[in-house]
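Asks: next come a sequence and a model predicted from it.
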Amino acid sequence: MAFHAFISDRLDALRRDNRLRTLPDIGERSGKYIYVAGESRLNLSSNDYLGLGEDRFLRDAYSKACREGGYAMTSSSSRLLTGNHHWYEQLERELERLYGREAALVFNSGYHANVGILPALAGRGDLILSDRLNHASIIDGTGISGAAHLRYRHNDTSHIEELLAGAHGRYRHVFIVTESVFSMDGDLADLRKLVDLKKRYGAVLIVDEAHGAGVFGQRGLGLCEATGTVSGIDIIIGTFGKAFASTGAYAVMDAVLRDYLVNTMRPFIFTTALPPAILAWSLMTLRKQTDMQGERIHLQRIAAMLRGRLADAGFEVPGESHIVPVITGSNESALNLAEKLRCAGVLGMAVRPPTVPENRARIRFSLRANLQWDDVEYIPDLIKAGTA
C-alpha cells in the first residue's frame, strides 16, 4: 500500500496545483456542436479542421464502399508479417504522387512516427536540434534516440545557425526537427530559412506537419506546400487524425530512408498494422481534401478575424493560424474561464503545464471550416466578461 499512498500523494499535488486531469464525458457530435456531459456546446476544441468528420456525403460513400468491398476491421498482424494490406500500398502511392516524393510510409499515429523515426535515424555521435516548443512526441523520440540534443529558442533561426556553426565537425550527423504549425501557440515555422540552413550546414531537416496538413497549401499538403519547400525537407511527417478526420500518420521522404525505417524503426516493426477499413477511409479523406482550398481560405479568414478581435480586447493571443490561444497565465484562471465558457454553451478547453510552459496556461480555440463568423464573433465579449 505504500506505493498506492505515494501515487495518491502525487495526485493530491496535481490537484493542489490545478493540474489534475480527468477524462471528459464526450457524446455525439452534430455539425458545429458536441455533447459534453449531456450538454450541447459549440465545439471549439476539435482538430477536425476541415469538418470532414461531419461530411455526411463522404461518410455515406464510405459506408457504401464498405458494404460492397467488405473492408476488414482488423489486420491482426504487423506489416512485416501479414498486415501489409493493399490499402497501405494505395495510400502510400497517393501520398507519393501528391507530394512528388520518392517514398511514403504510413504509421499508426503521429506519436508513433516521432518516437520511432528519430531513434531509428539518430544515435550516439549525432546531434538533434529541436525547437523549444516542439510536441512531446518529438521530445520523447529525441530522448529515446541517445543522440546529443539541444533545444533552440522558439522559432529563432539565428539561434539555430549559431548552434549549427558550433556543431560543425563535432558530430556524425546533425538533425533539425520542428513542427510547421505549433500546436499550442498556433504560429508558423520559417521553413524557407530552415531549408536554407540545412543545406548550408549539411544537416537533416525533419518537419512535423500534424497541424499544417489539410490546412495550408493549394492541395492541403501543409505549410511545406504553401512555402514551396517540399523538396528541400528530408522527412515530412503528417497525421490523418486531425484535418484528414481519420487515424494514423505518414511520412514522405527519399526511398533509401523508407527502406531503412522499415528495417530499423521499432514502433513500425513491432506494431499491429492499421485495419484496412481505416486505411480506405484515410485515402478517401486525403483525396477529398485536395479540392477544399475554399474551405482553407475561409478557415484562415475567420481565425484572423477572431484573433484580431481578441487582441483588440486586450488579450494576449499568439500565433497566425487556425489555432487561436488566449493566454490566461495561471492554471486556476484557465479552468475558471473554461467553466464560464461551458456555462455559455461553448467548449473551449483549458491547456495547462506540462503541455505548455509554467504560467502560460490558456484556452486554446481550434477553429474549423464548417464554422461561420457569426458562430464565434461574440467570443471576445464572452471572455472579457468572464475575466472581469
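Replies: In hand now; what should we look at?
Asks: show me how this structure divides into domains.
Replies: 21-50+292-386, 66-289 (automatic domain parsing).
Asks: got a markdown table for these, with mean pLDDT, distance to Ser8 and mean neighbour count too?
Replies: Bear in mind the C-beta positions are built from the backbone N, C-alpha and C, glycine included. Output for the domains of the chain, formatted as a markdown table (pLDDT from 0 to 100; distance: least, C-beta to C-beta, whole Å; neighbours: other C-beta atoms under 10 Å):
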| stretch | mean pLDDT | distance to Ser8 | mean neighbour count |
| --- | --- | --- | --- |
| domain 21-50+292-386 | 94 | 16 | 18 |
| domain 66-289 | 97 | 25 | 20 |
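Asks: quick one: closest of the ones you listed to Asp60.
Replies: domain 66-289 (10.7 Å; C-beta to C-beta).
Asks: how long is that closest one end to end?
Replies: 20 Å (C-alpha to C-alpha, to the nearest Å).
Asks: and for stretch 367-374?
Replies: 13 Å.
Asks: hmm, who's touching that stretch?
Replies: 31-32, 43-44, 46, 48-51, 54, 292, 295-296, 298-299, 302-303, 305-306, 322-324, 376 (C-beta atoms under 8 Å, 6 or more residues apart in numbering).
Asks: go again using 10 Å as the cut-off
Replies: Contacting residues not belonging to stretch 367-374 are listed as 31-32, 42-44, 46-55, 186, 214-215, 243, 292, 294-303, 305-307, 309, 321-324, 375-376 [C-beta atoms under 10 Å, 6 or more residues apart in numbering].
Asks: in helices only, show me those residues.
Replies: Counting by DSSP state H, the part of the contacts of stretch 367-374 found in helices is 294-303, 305-307, 309, 375-376.
Asks: hang on, the earlier thing: for Phe3, find the nearest of the domains of the chain.
Replies: Closest among the domains of the chain, using C-beta to C-beta: domain 21-50+292-386, at 21.1 Å.
Asks: possible to save the domains of the chain as JSON lines with distance to Asp60?
Replies: What follows is those, written out as JSON lines (distance: least, C-beta to C-beta, whole Å):
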{"stretch": "domain 21-50+292-386", "distance to Asp60": "16"}
{"stretch": "domain 66-289", "distance to Asp60": "11"}
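Asks: and Leu11, which of those domains is closest to it?
Replies: Among the domains of the chain, domain 21-50+292-386 sits nearest to Leu11 (C-beta to C-beta), with 10.4 Å.
Asks: whatever helix or strand Ile128 lives in pairs with which strands, parallel or anti?
Replies: Using DSSP states H and E, Ile128 maps to strand 127-131. Taking DSSP bridges as the criterion, strand 127-131 sits next to strand 148-152 (parallel), strand 174-179 (parallel) in its sheet.
Asks: how far off centre is the following helix or strand past the longest one?
Replies: From strand 174-179 onward toward the C-terminus, using DSSP H and E, the following helix or strand is helix 191-201. When distances are taken as C-alpha atoms, centre = their mean, to the nearest Å, helix 191-201 is centred 22 Å away from the chain's centroid.
Asks: I'd like the next helix or strand past helix 191-201.
Replies: Next along the chain after helix 191-201, with elements defined by DSSP H and E, is strand 204-208.
Asks: so what secondary structure elements neighbour that following strand?
Replies: With contacts defined as 3 or more C-beta pairs under 10 Å, 6 or more residues apart in numbering; DSSP states H and E, strand 204-208 has these neighbours: helix 110-121, strand 127-131, helix 136-145, strand 174-179, helix 191-201, strand 235-239, strand 249-253.
Asks: for Asp60, grab phi and psi.
Replies: Per-residue torsions, Asp60: phi -60, psi -40 (degrees, to the nearest 10).
Asks: what about it, distance to Gly345?
Replies: From Asp60 over to Gly345 the distance is 29 Å, taken as C-beta to C-beta, to the nearest Å.
Asks: ok, now which ones touch the closest residue to Asn134 other than its chain neighbours?
Replies: Leaving out its chain neighbours, the residue that sits closest to Asn134 by C-beta to C-beta, 6 or more residues apart in numbering is Glu179, at 5.9 Å. By C-beta under 10 Å, 6+ apart, the residues touching Glu179 are 130-131, 133-135, 138, 155, 185, 187-189, 207-212, 223, 237.
Asks: Glu179 pairs with what?
Replies: Asp208.
Asks: what's near enough to touch Tyr378?
Replies: Counting by C-beta under 10 Å, 6+ apart, Tyr378 has contacts 309, 344, 346.
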